[in-house]
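Colleague: Whatever this is, show me its structure:
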Amino acid sequence: MRAARERLDLSVEYVAKKALTYANMVRDIEAGTSEPDSTVIRHLDKVLEAEGVLWDAWAQIFLSSRLQAGATVADLLFHTYQVRHYAPLVLPDGYLTEEYARALLQAERPMESSSFLTDRPAVREVSGLFSGAPYYCLIVDEAALTRPVAPPKVMREQLIHLRKLAMTDSVTVHVIPEGTAPHPGLRGAFWTLSFSPRHNLAYTPLPHGPGHLVTDATQVKSYSDLFATLQGVSLPAASSLRVLDEAIERFPDKPRPRAITTGPADDGIGSALRPSQSTATPV
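Modeller: Predicted structure coming up:
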C-alpha cells in the first residue's frame, strides 16, 4: 500500500480524504498495526489505482486468518461485498421477518424451543439501506414464495418485506417460475460470498448446525457457475416482481367473504334460500 501511494506521489492526508477515512488509519495500515475493513480497503484500492490488487491482497490475508481461527459464516458476512443466495424450498436467513422465521423454525424443529437453539448462525439481516454487503442477489423458486409455512397474514407480510427489499438498489430478486424444466439447482440451497474480485467462498445452510463453508477454489467456482446457470433459467428482475405481486395476492390481508351457494335440497340452508319451485302444470 505504501509503495502504491509513493508511486503516485500522494500524501497520507490526501489518500485518507479521498478514501473517506483518517490519516492515522492510513499510517497504521501501512505500518501493519491496523487491519482495515472491506469498505475502507475498497476505497483505498480505488484511490491508489491498484486495480483490485490491494483489495485481493487484503481478502487473502483476511480469509486465511479468519478461517484458521474457526470463523463461521456469520463472522464473515459483514466483510463481503456481494452475497448471492439460491433458495429452492424456503426463503433464506437474512430475508425473513421475525414471525416468518419463528414459524419456519417451528415447522423444522417442532420439539425444540427457539430460546435454546444455539447451533444455527445468527445471520445479519439483509438491508437495502445500511450494514452488511453492498449487493445481494436472491434466486428463489416460485414454490418457496407460495408454500404456506405460516398463517396467511404472516406469509403476506413476509412477501411484502421481500418485495420492499427487491425495490432497493442493492438487492435483486429473480424467480424461477413453476413449471420450469428440471435444472441443476434441485439438490438444495447454497450461498456464494465474495470478498474481492478473486476471493470467494460458498456456503450450504443446514436446518441443524452451522452449515458448511466451502473453501476449495475448484468447488467454489462450481457453485459460482451453478448460480450463473440458475440465473439463466430464472425470470428477469422486473418479471420476478410481477410474480412476487401475484404471490402476495394469494395471501389476502382480510379473509375473502364466502359466497352463498346452493347445495342439495335437503342441506337445511340452501333449501331455505332457494326460491320455491312452482308446481303448476305447464300450459
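Colleague: can you map out the helices along the stretch 51-200 of the chain?
Modeller: Remark: helices of the stretch 51-200 of the chain, listed N- to C-terminal, are 53-68, 73-76, 98-108, 142-146, 152-166; assignment by DSSP state H, counting those that start in this stretch.
Colleague: Pipe the ones you listed into JSON lines and attach mean neighbour count per row.
Modeller: C-beta: built from backbone N, CA, C; applies to glycine. As requested, the helices of the stretch 51-200 of the chain are arranged in JSON lines below (neighbours: other CB atoms under 10 Å):
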{"stretch": "helix 53-68", "mean neighbour count": "17"}
{"stretch": "helix 73-76", "mean neighbour count": "18"}
{"stretch": "helix 98-108", "mean neighbour count": "16"}
{"stretch": "helix 142-146", "mean neighbour count": "18"}
{"stretch": "helix 152-166", "mean neighbour count": "19"}
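Colleague: Turn the ones you listed into a markdown table, columns for mean pLDDT.
Modeller: Below are these laid out as a markdown table (pLDDT from 0 to 100):
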| stretch | mean pLDDT |
| --- | --- |
| helix 53-68 | 94 |
| helix 73-76 | 90 |
| helix 98-108 | 88 |
| helix 142-146 | 94 |
| helix 152-166 | 96 |
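Colleague: got CSV for the ones you listed, with distance to E13 too?
Modeller: Converted to CSV, those look like this (distance: least, CB to CB, whole Å):
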stretch, distance to E13
helix 53-68, 19
helix 73-76, 32
helix 98-108, 45
helix 142-146, 51
helix 152-166, 39
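Colleague: quick one, which of those is nearest to V40?
Modeller: Put simply, out of the helices of the stretch 51-200 of the chain the one that sits nearest V40 is helix 53-68, at 9.2 Å, with distance taken as CB to CB.
Colleague: CA-only coordinates of the closest one in CSV, if you can.
Modeller: The C-alpha atoms that make up helix 53-68 are tabulated as CSV, following Å, rounded to 0.1, in the frame of the first residue of the first chain:
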residue,chain,number,x,y,z
VAL,A,53,-4.6,-5.9,-6.4
LEU,A,54,-4.7,-4.2,-2.9
TRP,A,55,-8.3,-5.4,-2.4
ASP,A,56,-7.3,-9.0,-3.3
ALA,A,57,-4.3,-8.9,-1.0
TRP,A,58,-6.5,-7.8,1.9
ALA,A,59,-9.1,-10.6,1.1
GLN,A,60,-6.4,-13.3,1.0
ILE,A,61,-4.9,-12.3,4.4
PHE,A,62,-8.4,-11.7,6.0
LEU,A,63,-9.8,-15.1,4.9
SER,A,64,-6.7,-17.0,5.8
SER,A,65,-6.6,-15.6,9.4
ARG,A,66,-10.3,-15.9,10.0
LEU,A,67,-10.7,-19.4,8.7
GLN,A,68,-7.7,-20.6,10.7
